[in-house]
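In: Generate a structure from the sequence data that follows.
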Amino acid sequence: MDIFLIILGFILIIAGIIGCILPGLPGPLTAWLGLLVTMLSKVIPDDWSFIWITFAVVIIITLLDYVIPAVGTKKFGGSKYGTFGAIIGVLVGFFTPLPGGVIAGAFLGAFIGEYLRHQQAGKALKAAFGALIGFLVSTGMQLIVSLTFFILYIKMLTDNWDAIKQLF
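Out: Take a look at the predicted model:
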């Protein structure tokens, strides 16, 4: 059972890294589940403070994932219309099966929101570009967190390698 948990943890962490780029799979949360599952094996010592701290990081990153595209819109001259449009676009894009749906959703949502307000394509395009930049920053942060979880997973295994070898 311990080998199964360690392998499942690895699969979840890799899926989490992939989920940072592909829509539909929450990257940091999936990678965190990999850490949790690995820690449930008997060969890895319990460290629940580690699990709770990393879970708090996941919650913060997840919240920022919805906020940063809106902030990017605002920084590039967007109004509440563009900010609201970017948020709606991210949510709609999340449920779109097309690759890049979330990116396109943030961009188009901000563009449509700003265009409805100003009726000027130039202003709307600038705000939409801000939403795109915000989304890319958010995706980069998710990727960094998920890759850090992978490094922590490897550290858990190497720190307990003698106990893991006993399983074979």
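In: Please name every helix or strand in contact with the biggest helix by length in the chain.
Out: Ranked by residue count, the top helix of the chain under DSSP state H comes out as helix 121-159. Contact here means 3 or more CB pairs under 8 Å, 6 or more residues apart in numbering; DSSP states H and E; on that basis helix 121-159 packs against helix 2-19, helix 27-39, helix 48-75, helix 80-94, helix 101-118. C-beta here means a position set from N, CA and C on the backbone, and glycine is covered the same way.
In: Which one, of those helices, ends up nearest to Val137?
Out: helix 48-75 (5.7 Å; CB to CB).
In: ok, and for that closest one, which residues are buried?
Out: 54-55, 58, 61-62, 64-65, 68-74 (16 or more other CB atoms under 10 Å).
In: And for the least confident helix or strand in the chain by mean pLDDT, what's in contact with it?
Out: In the chain, no helix or strand scores lower on mean pLDDT, DSSP states H and E than helix 80-94, which sits at a mean of 80. Under the contact criterion CB atoms under 8 Å, 6 or more residues apart in numbering, helix 80-94 has outside partners 23-24, 66, 69-74, 78, 101-114, 116-117, 124, 127-128, 130-131, 134-135.
In: would you put the C-alpha positions of it in PDB?
Out: Extracted as PDB, the C-alpha positions of helix 80-94 are listed here (Å, rounded to 0.1, in the frame of the first residue of the first chain):
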ATOM      1  CA  LYS A  80     -14.800  48.000 -13.200                       C
ATOM      2  CA  TYR A  81     -16.400  46.800 -16.500                       C
ATOM      3  CA  GLY A  82     -13.100  45.400 -17.700                       C
ATOM      4  CA  THR A  83     -12.300  43.900 -14.300                       C
ATOM      5  CA  PHE A  84     -15.700  42.300 -14.000                       C
ATOM      6  CA  GLY A  85     -15.400  41.100 -17.700                       C
ATOM      7  CA  ALA A  86     -12.000  39.500 -17.000                       C
ATOM      8  CA  ILE A  87     -13.400  37.600 -14.000                       C
ATOM      9  CA  ILE A  88     -16.400  36.400 -16.000                       C
ATOM     10  CA  GLY A  89     -14.100  35.500 -18.900                       C
ATOM     11  CA  VAL A  90     -11.800  33.500 -16.700                       C
ATOM     12  CA  LEU A  91     -14.800  31.600 -15.300                       C
ATOM     13  CA  VAL A  92     -16.300  31.000 -18.700                       C
ATOM     14  CA  GLY A  93     -12.900  30.000 -20.100                       C
ATOM     15  CA  PHE A  94     -12.400  27.500 -17.300                       C
END
